[in-house]
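J.: need the 3D shape of this:
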Amino acid sequence: MEKTRTVERPSAIAAPWLLEARALARLAAPLIATQLAQMAIFTTDVVLLGRYSKTALAAAAIGNTVYYFAWLVGNGPAAAVAPMIAHSLGARANERAGVRAALRMGVWAIALVSPPMMVVMWFARPILIALHQDPVLAAGAGQFVGVLSFGLPFSLGYMVLRNFVTALGRPNAAFWVMVATIGFNALAGYALIFGHFGAPRLGIVGSGLATASSAIFSFVAMLALIQANPALRAYRIFRRFWRPARLRLAEVFQLGMPIGMTMMLESMFFSAMTLVIGTFGLVQVAAHQLAISVASITFMVPLGVAMAATVRVGLAAGRGDPVAARRAGLTAMAMGVVFIAAGGVAMALWGAQMAALLVGGRASDNADVIALAAVFLKVAAAFQVFDALQVVGALSLRGLKDARAPMIIAAGAYWLVGAPVCFALGFGLHMRGLGVWIGMAVGLAAAAIAMVARFQQLTRPDFRAAGPQILSGRAHSIGR
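T.: Below is the predicted model of the structure:
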């Protein structure tokens, strides 16, 4: 007797993917908005200091390179909290002790990392002078970063709390805190930089103090919202706060340090290429800054989707479901590509208009800069898809608790592939800034291909055989 074969209807096959897309979109939307809000804070600082003096703006710009280095080192352990919590909740939906332990050890890690990074920031002036920066600018940067250092642990603490609420599927709390922080930062900066509302006129020091105060404000406001929300308050995050969870603390650093190094390798690559373009003259570097600013705004969309992917993939991996983990990652990649592709089309068609908006009423005085920025943005339009795939791929791997492979991929793609192409085209073929931008596109393409391939490998049908140490969600009740 012939067996009857059952054929799944297309609608039955598509249903899980549609459900995943809806869940991912609900989580990603407020994360994207939060990222854009954080950019608004940075923009506010630039506008205020630019109105105060060009020297103060330049000093803060080079000082921020030291601060960003310290922040990246600390943000690695903070970023590890989201996949750890997602794995715990994937293994047990109502898990609280494991979630609380991950959060607690994330805060402990920040407390351990922040002091040495603050010391590094206190030596910003001699560090910048050793890097051959202008002594006057280095002195101003040293003052700025010295004050800003006191906000570092609170900025990183906010990231830990943000990852906590995001992993619990409640990212709106972080968004509203960031919206409030925009207003707080603008008022504090306006008062302390220019001496309004009875405050002293502190200039660049006032900017550092305002930004540090804003970090404290965001951390305290985040704590207040957590305590005000019954669903979040139920996790009792202060319970047994001083009790060590050694395995969890070790996991925070084992995951967090490679995550921080991955971000640092990427950031250093683009910063180094900015310095390379700077050797080609003022017009080249100004056009580069305009183009990279536009690309940074569009990048916030796939970055928000990627953060959501960390949680969605982590939940699936925590419950030992490689099929759902693959579906979550691939859905996020598709969503990131679709959204950023629209930005790429806009860059290709209206790049000059976008660049002109950033220089405001001075567009007629910067026609050569705007024209070159439009050329760079055409290259950016071409690599938008790769940029989305590399960030979503990297953060999907983070959801699998695979942190070392992305670090190795970043080192190879950006520094062994991208950087040589930048130098070969920029200097060897005398393409200058355009050659560097093409090289950056090649580096992003290499990273994207490798990240996606790694994710595909770890989520193939024999996932447990490929990486049992990653799908170990049910072991994550340890270290409470």
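J.: helices of the stretch 51-200 of the chain, start to end?
T.: For the stretch 51-200 of the chain, the helices defined by DSSP state H, counting those that start in this stretch cover 54-91, 97-122, 124-130, 135-148, 152-167, 172-194.
J.: and the fourth one, what does it pack against?
T.: Spelled out, that is helix 135-148. The contact analysis (3 or more Cβ pairs under 8 Å, 6 or more residues apart in numbering; DSSP states H and E) places helix 135-148 against helix 54-91, helix 97-122, helix 124-130, helix 204-228. The C-beta positions use only the backbone N, C-alpha and C, and glycine is treated the same way.
J.: state the mean pLDDT of the longest one.
T.: Summarised as a single mean, pLDDT over helix 54-91 is 87.
J.: determine how far that helix lies from the middle of the whole chain.
T.: Distance of helix 54-91 from the chain centroid (Cα atoms, centre = their mean, to the nearest Å) equals 7 Å.
J.: buried residues in it?
T.: 56-60, 62-67, 69-91 (16 or more other Cβ atoms under 10 Å).
J.: next, count neighbours for the closest residue to Ala78 other than its chain neighbours.
T.: What sits nearest to Ala78 in space, not counting adjacent residues and going by Cβ to Cβ, 6 or more residues apart in numbering, is Met159, at 4.0 Å. Neighbour count for Met159, taken as other Cβ atoms under 10 Å: 24.
J.: same check, this time on His430
T.: His430 has 9 nearby residues by other Cβ under 10 Å.
J.: quick one: contacts for it?
T.: For His430, no residue counts as a contact, taking Cβ atoms under 8 Å, 6 or more residues apart in numbering as the criterion.
J.: host element of it?
T.: If you go by DSSP states H and E, His430 is not part of any helix or strand.
J.: quick check: the gap between it and Pro230.
T.: Computed as Cβ to Cβ, to the nearest Å, the His430 to Pro230 distance reads 64 Å.
J.: do a quick rundown of the helices in the stretch 201-350 of the chain.
T.: Going by DSSP H, counting those that start in this stretch, the stretch 201-350 of the chain shows helices at 204-228, 230-233, 246-278, 282-318, 322-359.
J.: output the below-cut-off pLDDT ranges for the stretch 351-480 of the chain.
T.: 359-365, 462-480 (pLDDT under 70).
J.: again, only using 50
T.: Filtered on pLDDT under 50, the stretch 351-480 of the chain yields the residue ranges 465-480.
J.: right, and Leu49 touches Gly63 too?
T.: No - shown here, Leu49 and Gly63 do not form a contact pair, counting by Cβ atoms under 8 Å, at 10.8 Å.
J.: ok, which of the helices of the stretch 51-200 of the chain comes nearest Ile41?
T.: Nearest to Ile41, of all those, is helix 172-194, at 5.2 Å by Cβ to Cβ.
J.: closest to Arg201 out of the helices of the stretch 51-200 of the chain?
T.: Across the helices of the stretch 51-200 of the chain, Arg201 has its closest neighbour in helix 172-194 (6.1 Å, Cβ to Cβ).
J.: burial measure for Trp242, as a count.
T.: Based on other Cβ under 10 Å, the number of other residues close to Trp242 is 7.
J.: before we move on, what about Ala234?
T.: Neighbours of Ala234 using other Cβ under 10 Å come to 10.
J.: next up, phi/psi of it, please.
T.: Dihedral angles of Ala234 (phi, psi; degrees, to the nearest 10) stand at phi -60, psi -20.
J.: list the contacts of it.
T.: Counted by Cβ under 8 Å, 6+ apart, Ala234 has contacts Arg96.
J.: go on, Met347?
T.: Here Met347 is in contact with Val294, Ala295, Thr298, Met354, Leu377, Lys378, Ala380, Ala381, Gln384 (criterion: Cβ under 8 Å, 6+ apart).
J.: now with 6 Å?
T.: Leu377, Ala380, Ala381 (Cβ atoms under 6 Å, 6 or more residues apart in numbering).
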